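1. Sequence first, then the predicted structure:
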Amino acid sequence: MLSEAVYNEYNAPSKMPNWIRLLPTIGAFISFILSLLCLFSGTRMNFLTGNDIFKLYTPIGNGTGLQDFYAIYPMSYCGGFLGDGMNMSGCSGYDILFTFNATQVLLEDSGNNASLEELGWPTAISDDFEAFSATKQSMGVFYCIAAGIAAVAVLIRFGLLIARRTKQMIFELPILFLGFVSLSVASVIATVIALQFVNLVNSHGRESRVTAEYGQQFLGMTWAATGLLLAGSIVNFVFVLFDRRPETGYVQPIEHDEHDGPDETHEPKGMED
């Protein structure tokens, strides 16, 4: 027969370490940081300028003032010239509803001395930018929403820790999931622009040698942040189920003294002599 200590060891409800319960919060915090880095990339010179959504190459400059390339980010763009590597010459101001107006930017850089058609710029590419402008503007909004929701999730968890409530709360799940949905929308928009839109530019600019390439680093960061929020939502749901499972308490077995005699009150009555 198992002793009481062994019995308790096998039948007592298992306890989860408190640091494991912080995994959804840690994921939300990292996702918050990555979302901000994606959102503010390229807003200043030398600040994550390599983390662009895509680069547009315009080899039609040749003394016209047009820059050799333009790097497009969620809230701004930066331009530069090709030489010994990529030399950034400046970045635009940033705006949450930013969209790259190719026609306006190229005309300003060329000094408005000639039409873009005369410079050999394909008008179809300008039409592509205009068609994707509304989609591009919404991307920054969804990044802001996702970053804000991730921050709220982190603050709620810290508040619960201060209140000494370590268990996962059910209301944390929709918060994390809503952040995942918002960041997924932003990441999908960025992916469509980086892949489909770049293909359109390369197709329409083939004759004019206007090309584009998407930024792998940006896509990696945005989808990593999205995956962390999804993982945090799943882990939170698992922890909620774990904390609310029925617990089987220990019931101490009844012990009998071997030297005790039979209970006289239950002794069968025999016939008296």
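-> Nice, I can see it.
2. Residues contacting stretch 129-141, please?
-> 39, 74-75, 96-103, 186, 189-190, 192-193, 197 (C-beta atoms under 8 Å, 6 or more residues apart in numbering). (Each C-beta comes from the backbone N, C-alpha and C, glycine too.)
3. can you pull the buried residues of that stretch?
-> Neighbour counts using 16 or more other C-beta atoms under 10 Å place 129, 132, 136-137, 139-140 of stretch 129-141 among the buried residues.
4. Can you tell me which of the residues you listed lies closest to residue 226?
-> Proximity of those to residue 226 (C-beta to C-beta) peaks at residue 139, which lies at 13.1 Å.
5. could you pull out the strands for the protein?
-> Ranges of strands in the chain, per DSSP state E, are 54-57, 69-72, 77-83, 85-91, 211-214.
6. okay if I get those strands as a markdown table plus mean pLDDT?
-> Shown next, in a markdown table, are the strands of the chain (pLDDT from 0 to 100):
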| stretch | mean pLDDT |
| --- | --- |
| strand 54-57 | 90 |
| strand 69-72 | 90 |
| strand 77-83 | 84 |
| strand 85-91 | 79 |
| strand 211-214 | 90 |
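7. possible to save those strands as TSV with distance to residue 226 and mean neighbour count?
-> Listed next are the strands of the chain as TSV, based on distance: least, C-beta to C-beta, whole Å; neighbours: other C-beta atoms under 10 Å:
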stretch	distance to residue 226	mean neighbour count
strand 54-57	19	22
strand 69-72	20	24
strand 77-83	24	17
strand 85-91	26	13
strand 211-214	17	18
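8. As TSV, the ones you listed with distance to residue 156 would be great.
-> Conversion of these to TSV gives the following (distance: least, C-beta to C-beta, whole Å):
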stretch	distance to residue 156
strand 54-57	36
strand 69-72	35
strand 77-83	36
strand 85-91	36
strand 211-214	36
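9. closest to residue 22 out of the ones you listed?
-> Once those are compared by C-beta to C-beta, strand 211-214 is nearest, at 35.0 Å.
10. quick one: residue 193 and residue 110, what's the gap?
-> 25 Å (C-beta to C-beta, to the nearest Å).
11. Name the single longest helix found in the chain.
-> In the chain, taking DSSP state H as the definition, the longest helix is helix 133-162.
12. Give the buried residues for that helix.
-> Per 16+ other C-beta under 10 Å, helix 133-162 contains these buried residues: 136-137, 139-140, 142-147, 149-154, 156-157, 160.
13. pLDDT on it, on average?
-> On average, the pLDDT along helix 133-162 is 89.
14. Any idea how far that helix is from the middle of the chain?
-> Put simply, helix 133-162 sits 9 Å off its chain's centre (C-alpha atoms, centre = their mean, to the nearest Å).
15. residues touching the closest residue to residue 95 other than its chain neighbours, list them.
-> Spatial nearest neighbour of residue 95, excluding adjacent residues (C-beta to C-beta, 6 or more residues apart in numbering): residue 75 at 5.9 Å. Applying C-beta under 8 Å, 6+ apart to residue 75 gives the contacts 39-40, 42-43, 94-96, 98, 140.
16. By neighbours, which of those wins?
-> residue 42 (26 neighbours; other C-beta atoms under 10 Å).
17. unless I'm mixing things up, that one is touching residue 80, no?
-> No: with contact defined as C-beta atoms under 8 Å, residue 42 does not count as touching residue 80 (11.4 Å).
18. Common neighbours of those two, please.
-> residue 71.
19. what residue ranges in the protein score low on pLDDT?
-> 1-19, 60-65, 112-114, 166-168, 243-273 (pLDDT under 70).
20. mind listing the helices in it by residue range?
-> Using DSSP H, helices in the chain cover 4-11, 23-40, 102-110, 116-119, 123-131, 133-162, 172-192, 198-204, 216-243.
21. Pull out the buried residues from the third one.
-> Within helix 102-110, the residues that qualify as buried are 102, 105-107, 109-110, counting by 16+ other C-beta under 10 Å.
22. Now do the contacts for the closest residue to residue 78 other than its chain neighbours.
-> Spatial nearest neighbour of residue 78, excluding adjacent residues (C-beta to C-beta, 6+ apart): residue 91 at 4.0 Å. Neighbour list for residue 91: 42-45, 49, 76-79 [criterion: C-beta under 8 Å, 6+ apart].
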